[in-house]
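[1] pasting the structure only:
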């Protein structure tokens, strides 16, 4: 308790407004150049040039994107296939190595047991 006030009962929660916990965010930047991309709240002021609205150009862009995406997917699948092959061969190599080490240890233990019992 500090200064006659009970700190455990102090309300640190956000202020309540008529519409809920927080007032709606309505701040819009005054400078159109601020931000990282188009303003989704203001599509009506989008400045599109003739190339942006040309259906033929849009079709070419889509075709280009589709072919590039397909090439990337094919390369990704090829690389994953190489990885799977490597992983399988590496797993088999490790298993063989572990089995050989275990066989060597078993032989060493058997030799020690025989020499200890003689």
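    Arrived safely, thanks for sending. Remember, it's a predicted structure, so these values are computed and weren't measured experimentally.
[2] Give me the helix or strand of this protein that scores worst on average pLDDT.
    In the chain, no helix or strand scores lower on mean pLDDT, DSSP states H and E than helix 50-53, which sits at a mean of 76.
[3] Contacts for that helix, please.
    residue 57 (Cβ atoms under 8 Å, 6 or more residues apart in numbering). C-betas here are computed from N, CA, C, even on glycine.
[4] The helix or strand just after that helix - what's its average pLDDT?
    As assigned by DSSP states H and E, the chain's next helix or strand after helix 50-53 is helix 55-117. For helix 55-117, mean pLDDT is 92.
[5] Now do helix 55-117: which elements does it pack against?
    Packed against helix 55-117, as judged by 3 or more Cβ pairs under 8 Å, 6 or more residues apart in numbering; DSSP states H and E, are no other helices or strands.
[6] what about residue 83, distance to residue 97?
    Distance, residue 83 to residue 97, by Cβ to Cβ, to the nearest Å: 21 Å.
[7] now residue 72
    The spacing between residue 72 and residue 97, counted by Cβ to Cβ, is 37 Å.
[8] now residue 113
    Per Cβ to Cβ, residue 113 is found 25 Å from residue 97.
[9] can you check residue 59 too?
    57 Å.
[10] Could you check the pLDDT of residue 30?
    At residue 30, pLDDT is 62.
[11] Could you do the one 3 residues further on as well?
    The model reports residue 33 with a pLDDT of 57.
[12] And for the one 4 residues further on?
    Note on residue 37: pLDDT of 67.
[13] Am I right that residue 48 is in a strand?
    No: counting by DSSP: H, G, I helix; E, B strand; the rest coil, residue 48 is not part of a strand but coil.
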